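**Student:** Give me a 3D structure for the following:
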Amino acid sequence: MGFQGLVQFANVLKRARDASVNNAGIFIRKIALEAYTGITKLNPVDTGRSRANWQITVDNPQISEIDGPDDKGFWTSEFQKKQTEARQRIDSLRGGNALGRIIFIGNTVDYIFQLEGGRSQRGGHMVKLTMERLNAKYGNI
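**Tutor:** Sure, this is the predicted structure:
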């Protein structure tokens, strides 16, 4: 194999590396969105406050609570803004930008631990059940 063959081989390796990094980013985003969707769908709803407060952040956990629906049942502009920001944060995790990052899915309402523990007669264990499903589907994540 001459010099030209080595250059071609190096280009093949570079393309394989780039494809692997891109696929890893796609996989990370896919799991984050599946987890977020699973948790929020399993969240029992009375007023909508706890479901509205599931947020996705990257590298730092959330620290604030979002207003839920107003007294007429319409979502506040703050909620809509936070949901758009969450989608943008996940969408920003493309290619190598996703590797080594920590994705937080959190909720700061004061009773979320009781809901997760099964306090509501409408359900609970949102995180536990979602993680069990994802681990069964993808292996230990």
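
**Student:** Could you give me the buried positions within stretch 130-141?
**Tutor:** Buried residues in stretch 130-141, defined by neighbour count with 16 or more other Cβ atoms under 10 Å: 130, 134. In short, each C-beta sits where N, CA and C put it, glycine included.

**Student:** Please list the residues outside that stretch that contact it.
**Tutor:** Counting by Cβ atoms under 8 Å, 6 or more residues apart in numbering, the neighbours of stretch 130-141 from elsewhere in the structure are 31, 34-35, 38-39, 42.

**Student:** From these, pick the one nearest Thr108.
**Tutor:** Ile39 (14.1 Å; Cβ to Cβ).

**Student:** Does that closest one touch Ile105 like I think?
**Tutor:** Yes - taking contact to mean Cβ atoms under 8 Å, the distance of 6.3 Å between Ile39 and Ile105 places them in contact.

**Student:** Find residues that contact each of those two.
**Tutor:** Common contacts of Ile39 and Ile105 (Cβ under 8 Å, 6+ apart): Trp54.

**Student:** picking that back up, which pair in the contacts of stretch 130-141 spans the largest distance?
**Tutor:** Taking Cβ to Cβ as the measure, these span a maximum distance of 16.4 Å, between Ile31 and Leu42.
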